[in-house]
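S.K.: Next come a sequence and a model predicted from it.
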Amino acid sequence: MSRRKVFFYYREDDQSQRAAQHIKERSQAYGFTILNTHHDADIICSIGSDGTFLQAVRHTGFRTNSLYVGIHLENLGFYCDFSAKKIEDLFEAMDKEMLQVRRYPVIQSTINETSSFYCLNECSIRSSILKTFVMEVYIDGEYFETFRGDGMVIATPTGSTGYNKSVGGAVVDPKLPCFQVSEISSINNNDFRTLGSSFILGEERQLTLKITHEGLQHPLVGMDNEAINFSAIRQVDVKLADFRIKTLKMKSNSFWDKVKRRFL
């Protein structure tokens, strides 16, 4: 494998630091160069959970010219194909060319038509107080519905197995270039009506959520596993980004293998 410069991202707790020290030593033994910053890295390697992997991607700016590798400390996750306890498996797979490059869709969320953020998992918008808030929903600029409830989750295919699934959304194959919109506790009665189910938008679509004056102007907006603070939010625009994140995976470990392992 020609890519030899590696940057490691991990938490500062004792378990993560011990694992990182061991993995760095083994990496150097296999001829990899360890970098202190991610800017020139060929490989960006997270050590921890799927949450750590998401933070690594965000921390390094969603690099398109690097390969991301997830190493789990406990159990294999959706983004972490390799175990810190069996790190030799990663290096042997590299030597034997048993790895594949997987490309994950990313969604781009723009707040108030000014500030844009990227998400590998999901963007969520929720009420920050015990009050229903109201959003007008537009698809490609055309009015679709008025939502009343606790919020919405807009998920990538890989993010479909997390928060999205917990609110009744579907699990989506990551080979499909799309994103999914799922409701959080919508109000449906004789006076108010929404679609009442998740829906999936293709790669050319744009979703627009406009928060009305009768609703809540200060919702909680989550980008993956981080909260974004704004003084006032009027509009959120969501679409697929024009790039994908590249990760290394075992050929024998497909997305649906992971779904079966996690849920069945």
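M.R.: Noted; the coordinates are in hand.

S.K.: quick check: domain ranges of the chain?
M.R.: Using the TED database, the domain ranges for the chain come out as 5-97, 106-242.

S.K.: Need the ones you listed in JSON lines (columns: distance to residue 262 and mean pLDDT).
M.R.: For every residue, glycine as well, the C-beta is placed using N, CA and C. As requested, the domains of the chain are arranged in JSON lines below (distance: least, C-beta to C-beta, whole Å; pLDDT from 0 to 100):
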{"stretch": "domain 5-97", "distance to residue 262": "7", "mean pLDDT": "92"}
{"stretch": "domain 106-242", "distance to residue 262": "7", "mean pLDDT": "89"}
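
S.K.: What's opposite residue 246 in the beta bridge?
M.R.: Note on residue 246: beta-bridge partners by DSSP bridges are residue 103.

S.K.: can you pull the contacts of it?
M.R.: Neighbour list for residue 246: 64, 66, 67, 68, 101, 102, 103, 104 [criterion: C-beta atoms under 8 Å, 6 or more residues apart in numbering].

S.K.: Can I get the domains of the chain in a markdown table including distance to residue 255?
M.R.: Putting those into a markdown table (distance: least, C-beta to C-beta, whole Å) gives the following:
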| stretch | distance to residue 255 |
| --- | --- |
| domain 5-97 | 8 |
| domain 106-242 | 5 |
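
S.K.: what's the closest of the ones you listed to residue 248?
M.R.: domain 5-97 (4.9 Å; C-beta to C-beta).

S.K.: For residue 47, give me phi and psi.
M.R.: Main-chain torsions, residue 47, degrees, to the nearest 10: phi -120, psi 110.

S.K.: correct me, but it touches residue 13?
M.R.: No. Here residue 47 does not reach residue 13: they are 10.8 Å apart, not a contact under C-beta atoms under 8 Å.

S.K.: what about those two, which has more around it?
M.R.: It is residue 47, of residue 47 and residue 13, that has more neighbours when counted by other C-beta atoms under 10 Å, with 28 against 11.

S.K.: And that one, how close does it get to residue 16?
M.R.: Between residue 47 and residue 16 the computed distance is 6 Å (C-beta to C-beta, to the nearest Å).

S.K.: where do the contact lists of these two overlap?
M.R.: Taking C-beta under 8 Å, 6+ apart as the contact rule, residue 47 and residue 16 both touch 10, 73.

S.K.: Secondary structure element holding residue 259?
M.R.: Secondary structure from DSSP states H and E places residue 259 in helix 255-263.

S.K.: how about the nearest residue to residue 69, chain neighbours excluded?
M.R.: Distance criterion C-beta to C-beta, 6 or more residues apart in numbering; nearest residue to residue 69, sequence neighbours excluded, is residue 45 at 4.5 Å.

S.K.: Report the buried members of the contacts of residue 246.
M.R.: Neighbour-count burial (16 or more other C-beta atoms under 10 Å) applied to the contacts of residue 246 gives 66, 67, 68, 102, 104.

S.K.: separation between the third one and residue 234?
M.R.: Meaning residue 68. Applying C-beta to C-beta, the value for residue 68 to residue 234 is 34 Å.
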